[in-house]
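Colleague: coordinates only, sequence not included:
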């Protein structure tokens, strides 16, 4: 991992980049507010770590925040139907059903911070 200090619009940020994974993750809040990072960390722990009742897991492809939940438990979905919309880097990114099925569980709530690979929902 490499640590960098970046200044954007006068705000200083410490950033840690993992080598060899092709992804970058912010390590801390701006230096002006170092206490913000520990407050944000417990939010993902509130979500179920493992997926719910379904056999097909629908996972996040990017870290971000849950912007909207578009499907509900028991709803029939087709491959490509939007289940959850994530907000990452000021963009809305739909997470779609990988195959036809019925939503068995929704494992996130609106506003929840998520990481790449977190299970958002499951399908039967």
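Modeller: Sure thing, it's come through. Quick caveat: nothing in here was measured; it's all calculated off a predicted structure. Numbering: from 1, shown residues only.
Colleague: Only C-alpha atoms from now on, for both contacts and neighbour counts.
Modeller: Fine.
Colleague: helix or strand right after the helix or strand of the chain with the lowest mean pLDDT?
Modeller: Ranked by mean pLDDT, DSSP states H and E, the weakest helix or strand in the chain is helix 36-40, scoring a mean of 44. Helices and strands here follow DSSP states H and E; after helix 36-40, the next one along the chain is strand 56-59.
Colleague: and residue 111, how far is that from residue 122?
Modeller: Residue 111 is 19 Å from residue 122, where distance means CA to CA, to the nearest Å.
Colleague: Compare the two (neighbour count), which wins?
Modeller: For residue 111 versus residue 122, the count of surrounding residues by other CA atoms under 10 Å is larger for residue 122: 24 against 14.
Colleague: How about the secondary structure of the more buried one?
Modeller: The assignment at residue 122 comes out as strand when based on DSSP: H, G, I helix; E, B strand; the rest coil.
Colleague: Would you mind confirming that it is in contact with residue 108?
Modeller: No - assessed by CA atoms under 8 Å, residue 122 is found out of contact with residue 108, at 10.9 Å.
Colleague: Who does the spatially most central residue of the chain form a beta bridge with?
Modeller: Central residue of the chain (CA atoms, centre = their mean): residue 114, 3.0 Å from the mean position. Per DSSP bridges, the residues bridged to residue 114 are residue 64.
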